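Participant: need a structure here:
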Amino acid sequence: MRILLTNDDGINAPGLYVLEKIAAQLSDDIWICAPSEEQSGAGHSLTLNRPVRLRKHAERRFSVTGTPTDAVTMGLRKVLPEPPDLILSGVNRGANLGDDVTYSGTVSAALEGALAGVRSIALSQVPVRESIGDGVDFSAAEEWGARVLRPLLDQPFAPRTLVNVNFPPLPASQVKGIRVVRQGFHDYARGSLVEGVDPRGFPYFWFGLQGIEHTPAHNTDLEAIAEGHISVTPLHLDLTHDASLKAMAERFAQERATS
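Facilitator: Residues are numbered from 1 along each chain as shown. Prediction:
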């Protein structure tokens, strides 16, 4: 089984090395194509206004000067000799829960793989609140990663779907198990906005994550993580709100009839 690894934290991120250890339990045919620098929050963005450069670091290990979406595209089109059987994105340094998946470069890399018809899974390690930077404890992901992935290897994926996995902020021995749950939604206004002045006297603004409220509904990824479980959530790319189609079509039909 050929596996392509990527992430949004960059080619040298600790979580990518953890992902390599996880993937090595599943296959010896592992390729890496990841952003050269951190791309957290990049979402499903493509680099269009500058060239993307591909760098080879070692056998089967490459980086690109672009986004996670760029990395998957380059991996599929230029790096791998044949399409992979599986794409793994992560292990992200931070949660990708609820509506945060729309911002996530980690999830978007898996999304790009799903668009290409490749089975794709995003993995993220939720940190304890006190941990910052590279101090995130990945032990839960490292210990449980292969155990989560193995059942998914034989599970059929519907077209244009992916799986989002989050590991709770606990030591591996304290993880309570695995739950398959739906995507939740946060109850908050998007984080904080930090204002400051740079050394030259110009104002700047920095988006923060403080002030986010977590009010998990039942059977969601937010609830599973809050209760010490690993969350496994199937996602799909169809954003159409089917329940609104009929009412909206009738509304426009009424407009045509009266005009």
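Participant: For this protein, which segments count as helices?
Facilitator: 14-24, 68-74, 105-115, 139-153, 221-226, 242-258 (DSSP state H).
Participant: who does the fourth one touch, helix- and strand-wise?
Facilitator: To tie it back to what came earlier, the one meant is helix 139-153. If you count contacts as 3 or more CB pairs under 8 Å, 6 or more residues apart in numbering; DSSP states H and E, helix 139-153 packs onto helix 14-24, strand 86-93, strand 119-125, strand 161-167, strand 178-180, strand 230-236. Quick note: C-beta positions are derived from backbone N, CA and C, even for glycine.
Participant: elements contacting the first one?
Facilitator: Right, helix 14-24. Using 3+ CB pairs under 8 Å, 6+ apart, helix 14-24 sits against strand 2-6, strand 29-35, strand 86-93, strand 119-125, helix 139-153.
Participant: make it 7 Å
Facilitator: With contacts defined as 3 or more CB pairs under 7 Å, 6 or more residues apart in numbering; DSSP states H and E, helix 14-24 has these neighbours: strand 2-6, strand 29-35, strand 86-93, helix 139-153.
Participant: Then the second one?
Facilitator: Packed against strand 86-93 by the contact rule (3+ CB pairs under 7 Å, 6+ apart) you find strand 2-6, helix 14-24, helix 105-115, strand 119-125.
Participant: same deal with the fourth one?
Facilitator: The elements that strand 161-167 packs onto, with contact taken as 3+ CB pairs under 7 Å, 6+ apart, are helix 105-115, strand 119-125, helix 139-153, strand 230-236.
Participant: Need the winner for burial among the helices and strands packed on helix 14-24.
Facilitator: Comparing the helices and strands packed on helix 14-24 by mean neighbour count (mean count of other CB atoms under 10 Å), strand 86-93 ranks first with a mean of 29.
Participant: so for it, what's the average pLDDT?
Facilitator: The pLDDT scores in strand 86-93 average 97.
Participant: let's have the chain start at 541 instead
Facilitator: Done: numbering now begins at 541, and the last item shifts to strand 626-633.
Participant: Restrict that strand to CA atoms and write it as PDB.
Facilitator: Once non-C-alpha atoms are left out, strand 626-633 reads as follows in PDB (Å, rounded to 0.1, in the frame of the first residue of the first chain):
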ATOM      1  CA  LEU A 626      -4.100   6.500   0.900                       C
ATOM      2  CA  ILE A 627      -3.400  10.100   1.900                       C
ATOM      3  CA  LEU A 628      -2.800  11.000   5.500                       C
ATOM      4  CA  SER A 629      -2.700  14.700   6.600                       C
ATOM      5  CA  GLY A 630      -1.300  15.600  10.000                       C
ATOM      6  CA  VAL A 631      -0.700  15.000  12.800                       C
ATOM      7  CA  ASN A 632      -1.800  18.600  13.300                       C
ATOM      8  CA  ARG A 633      -0.500  20.500  16.200                       C
END
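Participant: That one to strand 569-575, inter-axis angle?
Facilitator: 50 degrees (axes from the mean of the first three to the mean of the last three CA atoms, to 10 degrees).
Participant: got the angle between strand 626-633 and helix 645-655?
Facilitator: 170 degrees.
Participant: Where does the prediction get shaky in the stretch 641-790 of the chain?
Facilitator: 669-674, 727-731, 748-756 (pLDDT under 70).
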